[in-house]
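**Q** with the sequence up front, the predicted model follows.
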Amino acid sequence: MKKVLVTGGTGYIGSHTVVDLLGNGYDAFIIDNLSRSKIEVIDGIEKTTGKRPSFYEVDLCDKSGLEKVFELEGQIDGIIHFAANKYVGESVAKPLMYYRNNVEGLLNLLDIVKKYEVDNFVFSSSCSVYGNIDSLPVSETTKLNPAQSPYASTKVVGEMLLEDAKIEIPANFISLRYFNPVGAHTAGFIGENPAVTPSNLVPRITGTAAGKYEKLMIFGNQLPTRDGSCIRDYIHVMDVAEAHTAALKYLSKLNHFHSHEIINVGSGSGVTVLELIAAFEKVTGIEIQKEITAPREGDVIAVYSDTNKSTKLLNWKPKKTIEDMMLTAWHWEKANT
């Protein structure tokens with residue numbers, strides 16, 4: 001059984017990926033500082049899979065703490081690196097915190113990869129690296145326009161670090177540029193439940209429907225899109241989790257080192273904010289109270305993916321529909337309100 005470290009494994013995407021790894025026979029364990037997630041997520045993973053992953057409360061900026069974990073765990077076959085701050089608006093207000101956490105943490109982890117000879121490394125990147133796009137859909141060869149937020153900049157820097165580090169470190173790397181993960185595992189024990197007030201759209205939709213918020217703020221309705229609202233490529237979080245497992249499997253089959261692949265993980269189609277809200281209202285029968293406000297600083301107007309590379313290299317395709325995403329998100333919200 002191959003041992004895999006998941007940093008940020010009590011977070012939203014990380015916890016679903018741990019579930020998928022355990023279901024595929026991996027011995028997955030977690031490092032997380034719990035600054036943006038809750039320890040109870042470990043219970044949810046155990047209820048979902050029947051297995052309880054080992055957990056270490058460690059900050060990636062604490063290099064000595066990282067070293068202790070690797071000494072305790074012994075040989076590690078792969079790392080999936082999620083741990084990072086991720087809120088666009090917060091990054092605009094606190095850029096130094098984002099660079100310190102997201103970049104310094106990755107640098108420390110790469111030093112560990114080199115020292116402990118970890119062969120396979122999957123990096124959680126983001127479609128935000130593309131900036132405002134000149135043409136759609138975006139492929140991995142699309143030119144990167146200026147990043148629209150410090151958060152996006154940290155992901156650009158992360159990819160650059162891996163591209164340079166592959167020369168020095170005898171390992172293989174994949175950066176997964178995933179688009180907008182939403183929804184929850186159908187078992188209902190894990191989902192998007194940040195320790196801070198969420199800024200992502202779907203938990204705001206479900207929270208408004210559940211009465212947590214008086215109304216849903218929509219940032220712009222006069223943008224140059226088909227209904228004036230932002231366009232995003234929404235993908236079910238379990239599809240994203242399966243892409244990470246597929247990436248590890250791909251890396252483990254390589255017979256060489258010093259490589260770095262960049263791969264989009266999306267549905268391949270764009271959905272507007274207003275269309276997503278309408279899909280939620282349709283499958284739940286609940287009307288969302290909305291208020292239009294000014295576009296949010298740092299937000300990209302429109303982005304959706306070309307998924308040909310993920311299909312070809314990873315033999316992976318998303319399976320879930322927008323309706324699946326909205327229903328599972330709502331079931332999770334109801335179970336945890």
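**A** Great, that's in hand.
**Q** what's the helix or strand harbouring Ala152 in contact with?
**A** Using DSSP states H and E, Ala152 maps to helix 150-168. Around helix 150-168, the neighbours that count as contacts under CB atoms under 8 Å, 6 or more residues apart in numbering are 84-88, 90-92, 95, 98-99, 102-103, 106-107, 110, 114, 121, 123, 125-126, 128-129, 131, 144, 147, 172-173, 175, 258-260, 262, 298. Any C-beta I mention is one placed from the backbone N, CA and C, and that applies to glycine too.
**Q** separation between the nearest residue to Thr337 once chain neighbours are set aside and Phe121?
**A** Nearest non-adjacent residue to Thr337, counting by CB to CB, 6 or more residues apart in numbering: Ala210, 4.5 Å away. As judged by CB to CB, to the nearest Å, Ala210 and Phe121 stand 38 Å apart.
**Q** more crowded one of the two?
**A** Between Ala210 and Phe121, Phe121 has the larger neighbour count (other CB atoms under 10 Å), namely 26 against 15.
**Q** contacting residues around that one?
**A** Here Phe121 is in contact with 78-79, 81, 113, 162, 171-174, 251 (criterion: CB under 8 Å, 6+ apart).
**Q** returning to what we had before: quick one: the residue nearest to Thr337 and Glu333 touch, right?
**A** Yes - Ala210 is within contact range of Glu333, at 5.3 Å (criterion: CB atoms under 8 Å).
**Q** residue boundaries of the helices in the stretch 201-337 of the chain?
**A** Along the stretch 201-337 of the chain, the stretches classed as helices by DSSP state H, counting those that start in this stretch are 201-209, 237-252, 273-284, 308-314, 322-335.
**Q** phi, psi for Phe121 please.
**A** Main-chain torsions, Phe121, degrees, to the nearest 10: phi -140, psi 120.
**Q** where are the low-confidence patches of the chain?
**A** Scanning the chain for pLDDT under 70 picks out the ranges 1, 194-196.
**Q** number of nearby residues for the closest residue to Thr284 other than its chain neighbours?
**A** The shortest distance from Thr284 to any non-neighbouring residue, by CB to CB, 6+ apart, is to Trp330 (5.4 Å). Trp330 has 21 neighbouring residues, counting by other CB under 10 Å.
**Q** so who does Trp330 touch?
**A** Contacts of Trp330 (CB under 8 Å, 6+ apart): 206, 209, 280, 283-284.
**Q** who wins for most neighbours among the residues you listed?
**A** Counting neighbours by other CB under 10 Å, the top entry in the contacts of Trp330 is Thr206, with 30 neighbours.
**Q** state the distance from that residue to Leu314.
**A** 30 Å.
**Q** also Gly11?
**A** For Gly11, the distance to Leu314 equals 22 Å [CB to CB].
**Q** the more surrounded of the two?
**A** For the pair Gly11 and Leu314, the greater number of neighbours falls to Gly11 (29 against 23), based on other CB under 10 Å.
**Q** my read: the more buried one touches Lys38, true?
**A** No - counting by CB under 8 Å, Gly11 stays clear of Lys38, with 9.8 Å between them.
**Q** so for these two, which residues contact both of them?
**A** Listed contacts common to Gly11 and Lys38 are nil; contacts here mean CB under 8 Å, 6+ apart.
**Q** that older thread, Thr17 versus the residue nearest to Thr284, what's the distance?
**A** Separation of Trp330 from Thr17 (CB to CB): 22 Å.
**Q** what do you get for Cys61?
**A** 22 Å.
**Q** more neighbours: these two, which one.
**A** Neighbour tally, Cys61 and Thr17, criterion other CB under 10 Å: the higher count belongs to Thr17, 29 against 16.
**Q** for the more buried one, give me its contacts.
**A** Residues near Thr17 by CB under 8 Å, 6+ apart: 6, 9, 80, 82, 240-241, 244-245.
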